[in-house]
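S.K.: Sequence first, predicted model second:
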Amino acid sequence: MSMSDAELAAQLAAEAGQILLQVRASGKFSGKELGKAGDATANEFLCHALRAQRPDDGLLSEEEKDNAERLGMERVWIIDPVDGTREYGEARHDWAVHVGLSINGVAHTGAVALPGQDGGIVLRTDAPIDLPQAAPTPRLVVSRTRPAKEAVAVAEALGGELIPMGSAGAKAMAIVRGEAEIYLHSGGQYEWDSCAPVAVALAHGLHCSRIDGSPLIYNQKDTYLPDLLICRPEWAEQVLKLVAELS
């Protein structure tokens, strides 16, 4: 019996994470060069492995020239070899590896590896963890450098706390791991930034949508998917209402 899609995603995310740690530990690169070397090395591994294991599926990677053939395919792997290249280059822990599978435009299956955290964590769609208890006052994860104005306004309206964090994957997984309740992002992202995290978040029963409440649709010709909301379901209605009032 060959490996399931979810098992494959989890294994590849974990293995790419180990490769990235080795590239960093080699001491041959620093700063931006480390980010470039990590991205290229992990991308090569993931793309070769997916083409070998799932030759009939489409593939979209941040680090690979796009191939329009994927648009006619139902199953398309959407990957980000290093989500949070800056954080990876700075030897922080808040970066991730995304391996997602979109089926008919839906973030269906996937895994997010957090190689820099607690000896390497992989969160996956086929083995959801129990959601920890939510905090009574919501915590919102936001960009370290450019917190979304909507997130700042929503936090103010709810009396919530802002938690700055690196990669999109790390922020999304903070909701899954009970470190925050709301991840509200606007101001630009691409399909590979959110496909795997959204698949994992959905498998954990979280709310995932655009910030106007519409669905997140993947494997589009234009891969720009600029905003998203991932949150505990009990906060979704209130957050979407506040965002609508702000706009």
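M.R.: Everything's here; your move. Just so it is clear, the model here is predicted, and its values are computed rather than measured.

S.K.: got the buried residues for stretch 208-218?
M.R.: Across stretch 208-218, burial judged by 16 or more other C-beta atoms under 10 Å covers Cys208, Ser209, Arg210, Ile211, Leu216, Tyr218. C-beta here means a position set from N, CA and C on the backbone, and glycine is covered the same way.

S.K.: Show the residue spans covered by the helices in this protein.
M.R.: 5-25, 31-53, 85-89, 149-158, 168-176, 191-203, 233-246 (DSSP state H).

S.K.: Take the ones you listed and write them to CSV, including distance to Asp66 and mean pLDDT.
M.R.: CSV is the format used below for these (distance: least, C-beta to C-beta, whole Å; pLDDT from 0 to 100):
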stretch, distance to Asp66, mean pLDDT
helix 5-25, 20, 97
helix 31-53, 12, 96
helix 85-89, 19, 93
helix 149-158, 29, 94
helix 168-176, 19, 97
helix 191-203, 10, 98
helix 233-246, 30, 95
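
S.K.: Let's have these in CSV, adding distance to Leu225 and mean neighbour count.
M.R.: Shown next, in CSV, are those (distance: least, C-beta to C-beta, whole Å; neighbours: other C-beta atoms under 10 Å):
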stretch, distance to Leu225, mean neighbour count
helix 5-25, 19, 20
helix 31-53, 20, 17
helix 85-89, 19, 22
helix 149-158, 16, 18
helix 168-176, 11, 27
helix 191-203, 5, 28
helix 233-246, 16, 16
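
S.K.: want to throw the ones you listed into a markdown table with distance to Leu114?
M.R.: Formatted as a markdown table, the helices of the chain follow (distance: least, C-beta to C-beta, whole Å):
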| stretch | distance to Leu114 |
| --- | --- |
| helix 5-25 | 8 |
| helix 31-53 | 14 |
| helix 85-89 | 11 |
| helix 149-158 | 21 |
| helix 168-176 | 6 |
| helix 191-203 | 11 |
| helix 233-246 | 23 |
